[in-house]
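Visitor: using only what follows, build the 3D model:
(one chain, ligands or ions: 2)
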Amino acid sequence: MTAAEARVDRVDRVDPVDPVDREPVLQVRDLHVTFSTGAGDARAVRGVDLDVFPGEALAVVGESGSGKSVTMLALLGLLRGARVTGSARYRGTELVGMDVARLRQIRGAKVSMIFQDPMTSLNPVLTIGKQLGLVMRAHEPGMPKRIARARAIELLDQVAISQAARRCDSYPHELSGGMRQRVMIAMAIANNPEVLIADEPTTALDVTVQAQIMELLRDLQHEHHLALVLITHDLGVVAGSTDRVAVMYAGRVVETGAVDPLFGHPGHPYTRGLLACLPRLDERHDIQSSIPGIPTSPLSLPPGCPFAPRCSYAEAACTDAEPALAPHHQTLAACFVTTRVAADQEVTAP
Ligand code: ADP
Ligand code: MG
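Guide: Ligands and ions are numbered 1, 2, ... in the order given. Got it, this is the predicted structure:
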């Protein structure tokens, strides 16, 4: 069997996601996160619902400040001084309000997260091997150091770091940005989690390395049957890497669905705007440059749909009430004017 055939074989064995038959490994319902600030309450997350099914890859997409990181940090109990309400269940067990010691058992071991900034997440004064050892021994305190080291080498090998045994003794500053991100991934999978949340895992890296890291995440997802939650502001990395997408704006999911229908028939003008930002040929566009206006602040939400002030489709109804998610083609979109967006899509589609 060639490597390519082996790969196809492996991919095919991952069950297709069928939400009807399957229990989500992670289920978020009506999650709210509010920060009290000197300038008033910042309603960073306002009623998020998400389902993550075993073995699938879900992309959470949206401009900076839309509440992607805060949603994930809240469900892992990693936000200090924030009011968190609603529900986030891991295999049926409620995480919101769970005591710290129990939550620590789940965090890292069952649900783990690669944080947005790998430079600040690695300890500069400890070798890579030591840090991996600490992560493993946090969940398995009796693990002998010798075993931890052998397993650390195995993990570095799995994330395709060459000369793993030698690299085990390197310090973070001795590694390239791409290698440091691989180490972060090794740490996140060290305790064989079921869910891996990767927060902007490629943002700080150059394009070639970005592609390599995405390929690694996909490979690990399939090999370990991981549920991958990929947080990104770049819809460009979503198409080939994920099964479903949740688009966030101003602390809510404004559209969600499988990748193909969401790319083919977006119902929300915001999704449409994000898609319009995708680089054509080798151009690079910044999201901000293609959607007019600036993202809504959680400190001063406008009445009605928070996207209305930036939306070319907005009509009177849009400033009266905030739309809820409702079926549109094969996605759910929170928008009163999806029919007009869709009609426009038919006209402008290539
Ligand atoms: P992103 O989608 O870019 O990951 P975040 O989830 O980090 O966005 O942030 C969502 C909103 O919450 C932003 O407007 C951010 O400024 C605000 N926010 C995040 N952390 C805090 C905090 N500790 N105090 C006040 N506001 C915060
Ligand atoms: Mg973020």
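Visitor: so Pro266, which of the three states?
Guide: Secondary structure, DSSP: H, G, I helix; E, B strand; the rest coil: Pro266 is coil.
Visitor: show the backbone phi and psi for it.
Guide: Dihedral pair for Pro266: phi -60, psi 140, per degrees, to the nearest 10.
Visitor: count of neighbours near it?
Guide: 28 (other CB atoms under 10 Å). Every C-beta, even on glycine, is put in place using the N, C-alpha and C of the backbone.
Visitor: now it. Nearest residue, chain neighbours left out?
Guide: Nearest non-adjacent residue to Pro266, counting by CB to CB, 6 or more residues apart in numbering: Arg272, 4.8 Å away.
Visitor: quick check: buried residues in the helix or strand that the one you found is a member of?
Guide: Arg272 is part of helix 269-276 when elements are defined by DSSP states H and E. For helix 269-276, a neighbour-count test (16 or more other CB atoms under 10 Å) marks 269-275 as buried.
Visitor: do the same with stretch 33-50
Guide: Residues of stretch 33-50 classed as buried by neighbour count (16+ other CB under 10 Å): 33-35, 42-50.
Visitor: can you redo these as JSON lines with pLDDT and distance to Arg167?
Guide: Below are the buried residues of stretch 33-50 laid out as JSON lines (pLDDT from 0 to 100; distance: CB to CB, whole Å):
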{"residue": "Val33", "pLDDT": "98", "distance to Arg167": "38"}
{"residue": "Thr34", "pLDDT": "98", "distance to Arg167": "43"}
{"residue": "Phe35", "pLDDT": "97", "distance to Arg167": "39"}
{"residue": "Ala42", "pLDDT": "97", "distance to Arg167": "41"}
{"residue": "Arg43", "pLDDT": "97", "distance to Arg167": "44"}
{"residue": "Ala44", "pLDDT": "98", "distance to Arg167": "38"}
{"residue": "Val45", "pLDDT": "98", "distance to Arg167": "38"}
{"residue": "Arg46", "pLDDT": "98", "distance to Arg167": "43"}
{"residue": "Gly47", "pLDDT": "98", "distance to Arg167": "44"}
{"residue": "Val48", "pLDDT": "98", "distance to Arg167": "38"}
{"residue": "Asp49", "pLDDT": "97", "distance to Arg167": "41"}
{"residue": "Leu50", "pLDDT": "97", "distance to Arg167": "36"}
